[in-house]
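> dropping the sequence and predicted coords here.
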Amino acid sequence: MFAQSAFRSRCARWLSAIGILLLLGGCVEEPSTLERVQAEGVLRVITRNSPATYFQDRNGETGFEYELVKRLAADLGVELQIETADNLDQLFARLGEAKGPVLAAASLVASDGRRQIARFSQPYLQVTPQVVYRNGQLRPTRPQDLLGKRILVLKGSSHAEQLAALKIELPELKYEESAEVEVVDLLRMVDEGQIDLTLVDSNELAMNQVYFPNVRVAFDFGDTQGLGWAVAPGEDRSLLEAVDAFLARAQQNGSLKRLTERYYGHVDVLGYVGAYTFAKHLQQRLPLYEKHFREAARAQGVDWRLLAAMGYQESLWQPTATSKTGVRGLMMLTLRTAQAMGVSNRLDPKQSIDGGAKYIVRVKEQLPAGIAEPDRTWFALAAYNVGAGHLEDARKLTEAEGLDPNKWLDVQKILPRLAQKQWYSKTRYGYARGGEPVHFVRNIRRYYDILTWVTQPQLEGPQVAESSLHVPGVNKNPPREQLPPL
Ligand code: GLU
């Protein structure tokens with residue numbers, strides 16, 4: 001009896017000693033990367049300053065990577081701190097040297113070479129590397145056609161890595177790398193004939209095609225590759241696991257698709273021909289009317305790029321446009337609207353733009369108070385297109401469906417029903433081509449987005465808001481003081 005309980009108590013002592021050791025062991029164990037981020041309350045992100053990744057517009061910070069990473073930070077319940085690197089080599093160097101966890105989010109291909117110097121998340125976007133040439137030149141169709149051409153790519157890019165691999169097979173291949181340029185510069189250089197070819201990812205080309213009318217895809221340079229976010233190789237996978245879970249949710253709830261569509265979907269929506277055409281009109285037509293858009297916008301307190309986007313949708317920026325239904329001019333005003341807005345000559349572009357600006361503001365003012373921005377702007381555009389009465393009908397049908405009549409996303413689903421008798425017979429204003437305002441708003445939002453990027457200034461500070469239209473070039477980093485330190 002006694003012996004047994006002595007044995008038991010010896011055992012208990014041993015066990016508790018082991019327990020204490022385990023506990024101590026547990027205490028000295030390093031916190032994981034994710035735990036460190038959470039303990040600091042800050043997610044530090046390093047990115048590039050470019051239209052595809054991160055830039056400032058007059059409303060503040062924006063860009064595909066920025067918007068996605070901002071959602072991740074919110075999801076983790078931490079603050080977001082952004083730092084930009086001047087080029088890809090610097091980005092990976094800083095990632096490796098950083099004290100504390102940093103996430104690289106910069107439209108980065110998770111290439112084999114990079115997997116030696118960084119650990120990547122699951123891919124959030126699939127892209128294809130593409131060889132790009134100038135329209136009118138002989139189209140290269142295979143890697144051998146790169147020989148003898150002036151080729152420039154981003155230094156430290158996945159494309160430089162691919163060309164280095166090709167050079168092993170084709171030692172005569174010559175190409176240059178530059179750390180001083182961004183993707184938009186490469187495309188502009190091809191567009192203007194300063195270089196023969198470049199390599200960019202399909203997402204970047206889709207986004208920028210609308211600025212460069214002469215740029216064309218020669219051929220896909222290899223297989224589809226995944227873009228991922230990365231941490232330094234010394235970090236564990238805990239933050240990346242949180243990223244993977246976040247991305248899986250974003251994929252499931254459609255937010256990743258919406259963001260991708262918004263930033264990279266122009267070519268899908270405009271088509272390649274539409275994208276070239278837009279680029280041409282942007283260079284040739286918009287500069288003639290930009291001043292009027294800005295003046296009208298200032299007078300009415302709206303964004304000039306929204307007015308310009310409306311003008312493009314209405315007339316492709318043609319002041320003498322006329323439709324069979326009797327609407328005329330750059331903003332395609334009806335005679336009644338023109339008269340109500342004090343427009344005496346609809347074919348005068350300045351008058352047309354002023355009238356359109358006044359009208360959209362008036363339409364917006366008359367919308368129900370419960371519709372908040374930015375939806376309010378989309379509703380105003382829809383009312384401008386289909387009429388306030390029909391829009392109100394659609395809102396009622398939306399509500400009857402148990403959806404939110406103050407959300408554009410919900411109402412746009414219902415609007416096409418105004419063209420079906422079973423639905424419009426129940427409404428006050430009856431039949432309408434309800435699908436049209438949906439396209440109208442979608443197109444204008446697209447042009448508006450494009451104009452927002454294209455007017456991204458390389459200038460800094462207060463000049464930013466007033467800068468003129470231009471094709472994006474080398475983006476300077478945003479003013480330092482606006483960025484929290486890394
Ligand atoms: N995605 C490229 C890279 O990972 C950067 C340039 C581009 O998107 O075309 O190196």
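Happy to help now that I have it.
> would you map the helices across the stretch 251-400 of the chain?
Per DSSP state H, counting those that start in this stretch, the stretch 251-400 of the chain carries helices over the ranges 255-264, 266-284, 286-300, 304-315, 335-340, 349-365, 375-386, 388-400.
> what does the protein put close to the ligand?
88, 107-109, 154, 157-158, 183, 200-201, 204 (CB under 6 Å from any ligand atom). For every residue, glycine as well, the C-beta is placed using N, CA and C.
> okay, those residues in CSV with secondary structure and neighbour count next?
Shown next, in CSV, are the residues of the chain next to the ligand (DSSP: H, G, I helix; E, B strand; the rest coil; neighbours: other CB atoms under 10 Å):
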residue, secondary structure, neighbour count
Leu88, helix, 22
Ser107, strand, 24
Leu108, strand, 25
Val109, strand, 22
Leu154, strand, 24
Ser157, coil, 25
Ser158, helix, 25
Val183, helix, 27
Val200, strand, 28
Asp201, strand, 25
Glu204, helix, 23
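> name the nearest residue to the residue nearest the centre of the chain, ignoring sequence neighbours.
By CA atoms, centre = their mean, the chain has its centre lying nearest to Tyr263, at 3.0 Å. Once flanking residues are discounted, Tyr263 sits nearest to Phe64: 4.3 Å by CB to CB, 6 or more residues apart in numbering.
> now for that neighbour: which residues touch it?
Going by CB atoms under 8 Å, 6 or more residues apart in numbering, Phe64 touches 52-53, 107, 259-260, 263-264.
> the residue nearest to the centre of the chain touches Ala52, doesn't it?
Yes - with contacts counted by CB atoms under 8 Å, Tyr263 reaches Ala52, the gap being 7.0 Å.
> what sits in contact with each of the two?
63-64, 203, 207.
> for PyMOL, write the selection for the buried entries among those residues.
Command for PyMOL that selects the buried part of the shared contacts of Tyr263 and Ala52, burial taken from 16 or more other CB atoms under 10 Å:
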select buried, resi 63+64+203+207
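> lowest-confidence one in the shared contacts of Tyr263 and Ala52?
The member of these with the lowest pLDDT is Met207, at 84.
> show the pLDDT at the residue of the stretch 201-350 of the chain found nearest the ligand.
Relative to the ligand, the nearest point of the stretch 201-350 of the chain is Asp201 (3.8 Å; CB to the nearest ligand atom). Listed pLDDT for Asp201 reads 96.
> what's across from it in the sheet?
Pro129 (DSSP bridges).
> quick check, it in contact with Ser107.
Yes - here Asp201 reaches Ser107: they are 7.1 Å apart, a contact under CB under 8 Å.
> residues shared between the contacts of the two?
With CB under 8 Å, 6+ apart, Asp201 and Ser107 have common neighbours Leu227.
> disregarding residues adjacent in the polypeptide, which is nearest to Tyr448?
Ala309 (4.0 Å).
> could you give the number of residues near that neighbour?
Neighbour count for Ala309, taken as other CB atoms under 10 Å: 23.
> and it, how far from Ile117?
42 Å (CB to CB, to the nearest Å).
> returning to that earlier point: which of the contacts of Phe64 has the most neighbours?
Counting by other CB under 10 Å, top hit in the contacts of Phe64: Ala52 with 26 neighbours.
> before we move on, what SS does that one have?
coil (DSSP: H, G, I helix; E, B strand; the rest coil).
> backbone dihedrals for it, please?
Ala52 adopts backbone torsions of phi -80, psi -20, taken as degrees, to the nearest 10.
> what residues are up against it?
Ala52 neighbours (CB under 8 Å, 6+ apart): 63-65, 107, 183, 203-204, 207, 263-264.
> that's a strand at Leu152, yeah?
Yes - counting by three-state DSSP, one finds Leu152 located in a strand.
> mind listing the strands for the protein?
42-48, 55-57, 60-62, 79-85, 103-109, 119-120, 125-127, 129-134, 152-154, 176-178, 198-201, 215-220, 225-231 (DSSP state E).
> now the fourth one: buried residues?
Same thing as strand 79-85. So strand 79-85, judged by 16+ other CB under 10 Å, has buried residues 80-85.
> what separation do you get for the residue nearest to Asp145 when sequence neighbours are not counted and Arg139?
Spatial nearest neighbour of Asp145, excluding adjacent residues (CB to CB, 6+ apart): Ala218 at 7.6 Å. If you measure Ala218 against Arg139 using CB to CB, the figure is 6 Å.
> was I right about Ala85 contacting Ser50?
No - Ala85 is beyond contact range of Ser50, at 11.0 Å (criterion: CB under 8 Å).
> the residue of the stretch 1-150 of the chain found nearest the ligand bridge partners, please.
Closest residue of the stretch 1-150 of the chain to the ligand, CB to the nearest ligand atom: Val109 (3.7 Å). Counting by DSSP bridges, Val109 is bridged to Leu227.
> find residues that contact each of Ala218 and Arg139.
Tyr133.
> looking at these two, which is more packed in?
Per other CB under 10 Å, whichever of Ala218 and Arg139 has more neighbours is Ala218, with 24 against 14.
> from Val132, how far out is Leu199?
7 Å.
> same check on Phe278?
18 Å.
> before we move on, back to that, ok, the residue of the stretch 201-350 of the chain closest to the ligand - contacts?
Here Asp201 is in contact with 107, 109, 127-130, 158, 225, 227 (CB under 8 Å, 6+ apart).
> which residues of this structure score low on pLDDT?
1-28, 57-59, 266-269, 455-486 (pLDDT under 70).
> ok, 80 please
1-29, 51, 56-60, 210-211, 262, 265-273, 324-325, 453-486 (pLDDT under 80).
> out of the shared contacts of Tyr263 and Ala52, list just those in helices.
Judged by DSSP state H, helices contain the following of the shared contacts of Tyr263 and Ala52: 64, 203, 207.
> could those residues go into CSV alongside distance to Val45?
Shown next, in CSV, are those (distance: CB to CB, whole Å):
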residue, distance to Val45
Phe64, 13
Asn203, 19
Met207, 20
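> which one of those is nearest to Gly234?
Within these, proximity to Gly234 (CB to CB) peaks at Phe64, which comes in at 27.5 Å.
> quick revisit: of the buried residues of strand 79-85, which is the nearest to Ser178?
Ala85 (15.0 Å).
> bridging residues for the closest one?
Arg48.
> OK, contacts around it?
Counting by CB under 8 Å, 6+ apart, Ala85 has contacts 46-48, 91, 94, 106.
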